[in-house]
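S.K.: kindly return the folded structure for what I paste below:
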Amino acid sequence: MRFLFFLYGIICYIIFFGTFLYAIGFVGNFVVPKSMDIGIEEPLLNALLINVLLLGVFAVQHSVMARQGFKEKWAKVIPSAIERNTYVLLSSLALLLMFWQWRPMGGVIWDVSNTALGSVLIGISLVGWLTVLISTFLLDHFELLGLRQAFSNLTGKEFPNSKFRTPSFYKFVRHPMYFGFVVAFWATPTMTTAHLLFAIATLGYTLVGIFLEEKDLVAVFGDEYKNYKSKVSMLLPLPPKKGD
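M.R.: Numbering: from 1, shown residues only. Reported below is the predicted structural model:
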């Protein structure tokens, strides 16, 4: 059973990483066969309702399953060794559903493609994606995605409790992963109506997600996180405030 759990963890990780790479092409409208602005357009209201529903499915799944109260109930169903893997898998599937069913909406807010500015915006977007990936490794990439838990279970070692750390980026912004996503979603040479909907919705979700996540972090790390929160910017990288 331990080996099967580990194998399951590897499969979940591969699905996640493939989804992450596809997301870059989906948002940027390149390489992948189905992206944000490629496909048959439907009546605007139909497309809007479908896209909002898809965004809602991901937001509810990704946020609700991350809460401590849900995790406690979920632990009665899913073994702790694969709890994180399952969360990652379901998040990936929610994203893949969005990629598959997303509807283009037409309408162009701005278009600077095939210009120097367009190239700069593509570069900034890719830096955003890279920031997301680097941020996961600065904490513990394989723990965040559940592989370390599955490996500890395979070797029969007790998985240690997470420690509060603020490496590198985290000294200047509390949520560098969210910052990276915001940059990646907004820095685009062609902002269509569909892309604007996606960018606004994900920014709103980011702010709500940070609020909920920080409540959990305060509950786990207490004054240590409160002190960190008082000194370090939430979403924009800024020099930390000096202590009293």
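
S.K.: what are the phi and psi angles of Y178?
M.R.: Dihedral angles of Y178 (phi, psi; degrees, to the nearest 10) stand at phi -60, psi -40.

S.K.: my read: it touches F211, true?
M.R.: No. If you go by Cβ atoms under 8 Å, Y178 and F211 don't touch, sitting 11.5 Å apart. For the C-beta atoms, the positions are set from N, CA and C on the backbone; glycine is no exception.

S.K.: in terms of neighbours, single out the busier of the two.
M.R.: Legend: neighbour count by other Cβ atoms under 10 Å for Y178 and F211, higher for Y178 (23 against 10).

S.K.: let me know the pLDDT of that one.
M.R.: According to the predicted model, the pLDDT of Y178 comes to 96.

S.K.: that one and S80, how far apart?
M.R.: Look at Y178 and S80: by Cβ to Cβ, to the nearest Å, they are 26 Å apart.

S.K.: before we move on, what about N29?
M.R.: To S80, N29 is 40 Å away according to Cβ to Cβ.

S.K.: compare neighbour counts for the two and give me the winner.
M.R.: For N29 versus S80, neighbours defined as other Cβ under 10 Å are more numerous around N29 (18 against 12).

S.K.: ok, how many other residues are close to the closest residue to the more buried one other than its chain neighbours?
M.R.: The spatial neighbour of N29 that comes closest, neighbours along the chain excluded (Cβ to Cβ, 6 or more residues apart in numbering), is S35 at 4.5 Å. As a burial measure, S35 scores 20 neighbours (other Cβ under 10 Å).

S.K.: list the buried residues in the lowest-mean-pLDDT helix or strand in the chain.
M.R.: Using mean pLDDT, DSSP states H and E, the weakest-scoring helix or strand in the chain turns out to be helix 68-74, at a mean of 81. For helix 68-74, burial by neighbour count (16 or more other Cβ atoms under 10 Å) applies to K71.
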